[in-house]
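K.L.:
dropping the sequence and predicted coords here.
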Protein chains: 2
Amino acid sequence: MKPEAYPPTNAPLLEHLNDVIGTLRASERKVAQLVADNPTFVMNATMAGVAEAAGVSEPTVMRFCTSLGFAGFQQFKISLAQTLALGIPATLSTIGRDDAIEVLITKVFDHTMSSLDRARRFLDPAAVDRAVNAIIASTSLTFAGLGASALIGLDAEQKAALFGVPCSAPSDPHQQFMAASTARPTDVIIAISNTGRTKSVVQVAKTARTNGATVIGMSGEDSPLLAHCDIPLVVKTIEDTDIHTPTVSRLAGLVVIDILATAVALRRGKDHMDKLTAMKEGLLRFRRDD
Amino acid sequence: MKPEAYPPTNAPLLEHLNDVIGTLRASERKVAQLVADNPTFVMNATMAGVAEAAGVSEPTVMRFCTSLGFAGFQQFKISLAQTLALGIPATLSTIGRDDAIEVLITKVFDHTMSSLDRARRFLDPAAVDRAVNAIIASTSLTFAGLGASALIGLDAEQKAALFGVPCSAPSDPHQQFMAASTARPTDVIIAISNTGRTKSVVQVAKTARTNGATVIGMSGEDSPLLAHCDIPLVVKTIEDTDIHTPTVSRLAGLVVIDILATAVALRRGKDHMDKLTAMKEGLLRFRRDD
DNA sequence: CGGCGTACCTAGTAAAACTACATCAATCCG
DNA sequence: CGGATTGATGTAGTTTTACTAGGTACGCCG
């Protein structure tokens, strides 16, 4: 039993197809093959069209749909359309050397969007809620991460106005450790590492915690880092098995920061929001002159 | 004539609906209302069902579909399903103060994904292709941007290995200007500004260009910045009219950087890719010890 | 070699989508 | 103010589509 219980929307159909293709009958497999090879055609085609293209009869197409658990061909088509809206899953369409630039653009965007979709499904709302409460109760925020994770911290630093407390994102591991060492119970430390195994970041989390600070951890999976955090946030993305596929974890991390910042700002109430609006307008005027 | 010629997939249907709802006939408007209020129902319903629920006749539903430019009800339903897969567009579902955390998470993710989808539609592949060629022909890359746009540059800097040339992303406007002033014809400057009106960034682009360097511009819309660039890249996102909606432009910018980096790396050939693989493996070992 | 069961197709049916036409209402001009 | 004309909407009919029931061929085991 996989740990994949996608609550909001339907399961990634094309992936599922690959899993069950072995259990299907011979003719149904022809249909499955057609769907995998040419999903766009199937989406727009009629049952008869699919039957002919796959070289089978209409009832076989029908059985194929019911075998997958759909009520009928229509439902299947709707579901397929939904899957295709996010693009063909990147796991199926790896990036090749001779891809045209249009194809590359599509694939990278699709991969990113599919990954974000997955991140959403796996993100635990209860943990996010606890993180928001912790931030609201805090007097300062410190972000710790290296490489791409450092970038997430820098982004959060720019959102300090939304958070409503001083934010710092030291880039140097030593500085991060120093901040953790001098942390006070009202401080919140957000430790970020996609692998969750970057030693210095784990060390920062441990140290901050012994000082009584609240530690929020962000990681791509259950990991040593999260074990040493008060509030673990799992930001799961589609794994980059291939060098060709770009790192998407930082994007999901940025979105989570967006969520935290937005939630915190909203809970701080109307006064806070008014100040933000004023700030945004001021920034617009400022921008014209610099 | 609007500048909406979405090449790859269908238009953001529900948004489009709001635009044209005024031009529809009275009964058709009832259908539009139903679609807006209860899109999920319409997606799964039959024509007769929709007609009854909207309190109109079937041909009216049909006319509604054709008025929107669809061949028929089926096509409309497919298109609606696609739109719904990305979630209800954030422009329709603004974030409210009393939203539960689950709702907030969904909305922010949806908003982000919808925006990325839009960015993809508007991105010009030919311009990307030219940018890739320019980078391959260059001896160094410099990124210039402020605020969130600076972050995009920093991310690109981390991808220097993929680009295969020295990358720098000075954070200070003065440093950026200095880099532009001393730029040589073989250098590529990437000027980033979502508004495309940040004066210092525009100045950097101008200066670099007079020195004969190739200037790539990234902006959310056609703007003064792009006018002063050799290669304009429009990275369009859903506009943030509301303070509640987080800035998504930086995410789209990051994805575009991903695309550029990936394309460049692929074109550099096998040797380059092998080096990258070796680097990645080395980084994994390095990470365990730090 | 013969019966049984599965896999698949042929043919038929019900229902859905789509079309042609008629009616009603509103508007504009005499 | 009344009649005509245009255009919006519903009624009824036609075609296409999805779905179902039954039958045939093929493989497998006794």
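P.N.:
Everything's here; your move. Numbers count the residues shown, from 1 in each chain, chains lettered A, B, ... in the order given.
K.L.:
now whichever strand or helix holds residue A:263 - C-alpha only, CSV.
P.N.:
Assigned by DSSP states H and E, residue A:263 falls within helix A:249-268. The C-alpha trace of helix A:249-268 is given here as CSV (Å, rounded to 0.1, in the frame of the first residue of the first chain):
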residue,chain,number,x,y,z
SER,A,249,12.0,21.9,-4.6
ARG,A,250,12.9,25.5,-4.2
LEU,A,251,9.8,26.6,-6.0
ALA,A,252,7.6,24.5,-3.7
GLY,A,253,9.4,26.0,-0.8
LEU,A,254,8.7,29.5,-2.0
VAL,A,255,5.1,28.7,-2.3
VAL,A,256,5.0,27.5,1.3
ILE,A,257,6.6,30.7,2.4
ASP,A,258,3.9,32.6,0.5
ILE,A,259,1.3,30.6,2.4
LEU,A,260,2.9,31.2,5.7
ALA,A,261,3.3,34.9,5.0
THR,A,262,-0.2,35.4,3.7
ALA,A,263,-1.7,33.4,6.6
VAL,A,264,0.3,35.4,9.2
ALA,A,265,-0.6,38.7,7.6
LEU,A,266,-4.3,37.9,7.6
ARG,A,267,-4.4,36.8,11.2
ARG,A,268,-2.6,39.9,12.4
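K.L.:
what is the burial count for residue A:83?
P.N.:
26 (other CB atoms under 10 Å in any protein chain shown). C-beta coordinates here come from the backbone N, C-alpha and C atoms, glycine included.
K.L.:
ok, now how distant is it from DNA strand C?
P.N.:
Residue A:83 sits 21 Å away from DNA strand C, taking CB to the nearest atom of the strand, to the nearest Å as the criterion.
K.L.:
tell me which helix or strand that residue sits in.
P.N.:
Assigned by DSSP H and E, residue A:83 belongs to helix A:73-85.
K.L.:
quick check: next helix or strand after that helix?
P.N.:
Next along from helix A:73-85, by DSSP H and E: helix A:101-122.
K.L.:
quick check: buried residues in the next helix-or-strand element following that following helix?
P.N.:
Once the chain leaves helix A:101-122, the next helix or strand it forms, by DSSP H and E, is helix A:125-136. The neighbour-count criterion (16 or more other CB atoms under 10 Å in any protein chain shown) identifies A:127, A:128, A:129, A:130, A:131, A:132, A:134, A:135 as the buried residues of helix A:125-136.
K.L.:
go ahead and confirm the third one touches residue B:104.
P.N.:
No: under the criterion of CB atoms under 8 Å, residue A:129 makes no contact with residue B:104, lying 9.6 Å away.
K.L.:
what about the closest residue in space to residue A:65 that isn't next to it in sequence, how many residues nearby?
P.N.:
The shortest distance from residue A:65 to any non-neighbouring residue, by CB to CB, 6 or more residues apart in numbering or on different chains, is to residue A:76 (4.3 Å). Look at residue A:76: counted by other CB under 10 Å, it has 24 neighbours.
K.L.:
what sits against residue A:76?
P.N.:
A:65, A:68, A:70 (CB atoms under 8 Å, 6 or more residues apart in numbering or on different chains).
K.L.:
what about DNA strand D: which of the residues you listed touch it?
P.N.:
Of the residues in the contacts of residue A:76, proximity to DNA strand D by CB under 7 Å from any atom of the strand holds for residue A:65.
K.L.:
shaky segments in chain A?
P.N.:
Flagging of chain A using pLDDT under 70 yields the residue ranges A:1-12, A:15, A:86-97, A:239-246, A:283-290.
K.L.:
which bits of it sit near DNA strand D?
P.N.:
A:46, A:47, A:48, A:58, A:59, A:62, A:65, A:71, A:72, A:73, A:74, A:75.
K.L.:
what is the neighbour count of residue A:212?
P.N.:
For residue A:212, the count of nearby residues is 11 (other CB under 10 Å).
K.L.:
I'd assumed residue A:188 was in contact with residue A:213.
P.N.:
Yes: at 6.7 Å, residue A:213 and residue A:188 qualify as touching, with contact defined as CB under 8 Å.
K.L.:
sorry, back to before: ok, of the contacts of residue A:76, which one's closest to residue B:27?
P.N.:
Nearest to residue B:27 out of those is residue A:70 (CB to CB; 32.8 Å).
K.L.:
correct me if wrong, but that closest one is in a helix.
P.N.:
No: counting by DSSP: H, G, I helix; E, B strand; the rest coil, one finds residue A:70 to be coil, located in no helix.
K.L.:
so who does it touch?
P.N.:
Counting by CB under 8 Å, 6+ apart, residue A:70 makes contact with A:76, A:79.
K.L.:
same thing with the one 10 residues further on?
P.N.:
Contacts for residue A:80 were tallied using CB under 8 Å, 6+ apart; they are A:13, A:35, A:39, A:42, A:43.
K.L.:
nearest spatial neighbour of the fourth one, chain-adjacent residues omitted?
P.N.:
Pointing back at residue A:42 there. Nearest one to residue A:42, counting by CB to CB, 6+ apart, is residue A:35 at 5.1 Å.
K.L.:
now swap in the third one and tell me
P.N.:
With CB to CB, 6+ apart as the criterion, residue A:39 has its nearest non-adjacent residue at 5.7 Å, and that residue is residue A:84.
K.L.:
that neighbour against residue A:43, yeah?
P.N.:
Yes: assessed by CB under 8 Å, residue A:84 is found in contact with residue A:43 at 6.0 Å.
K.L.:
from the contacts of residue A:80, keep the buried residues only.
P.N.:
Neighbour-count burial (16+ other CB under 10 Å) applied to these gives A:13, A:35, A:39, A:42, A:43.
K.L.:
surely the second one is in contact with residue A:17?
P.N.:
Going back to what we said before, that points to residue A:35. Yes: with contacts counted by CB under 8 Å, residue A:35 reaches residue A:17, the gap being 6.5 Å.
K.L.:
on that earlier part again, same list (the buried residues of helix A:125-136) but as a markdown table, adding distance to residue B:234.
P.N.:
Listed next are the buried residues of helix A:125-136 as a markdown table, based on distance: CB to CB, whole Å:
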| residue | distance to residue B:234 |
| --- | --- |
| A:127 | 37 |
| A:128 | 33 |
| A:129 | 38 |
| A:130 | 40 |
| A:131 | 35 |
| A:132 | 35 |
| A:134 | 40 |
| A:135 | 35 |
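K.L.:
still on that earlier bit, buried stuff in the helix holding residue A:83?
P.N.:
So, applying 16+ other CB under 10 Å, buried residues of helix A:73-85: A:73, A:76, A:77, A:78, A:79, A:80, A:81, A:82, A:83, A:84, A:85.
K.L.:
domain map for chain A?
P.N.:
Following automatic domain parsing, one gets these domains for chain A: A:1-85, A:124-285.
K.L.:
most tightly surrounded among these?
P.N.:
Neighbour counts (mean count of other CB atoms under 10 Å in any protein chain shown) averaged over each of those peak at domain A:124-285, with a mean of 20.
K.L.:
for the nearest residue to residue A:130 once chain neighbours are set aside, which residues are in contact?
P.N.:
Leaving out its chain neighbours, the residue that sits closest to residue A:130 by CB to CB, 6+ apart is residue A:231, at 4.9 Å. Residues near residue A:231 by CB under 8 Å, 6+ apart: A:127, A:130, A:131, A:134, A:214, A:215, A:216, A:217.
K.L.:
what about stretch A:160-180, near chain B?
P.N.:
Yes: with CB under 8 Å from any CB of the partner chain as the criterion, chain B is reached by stretch A:160-180 at residue A:173.
K.L.:
start and end of that stretch, how far apart?
P.N.:
19 Å (CA to CA, to the nearest Å).
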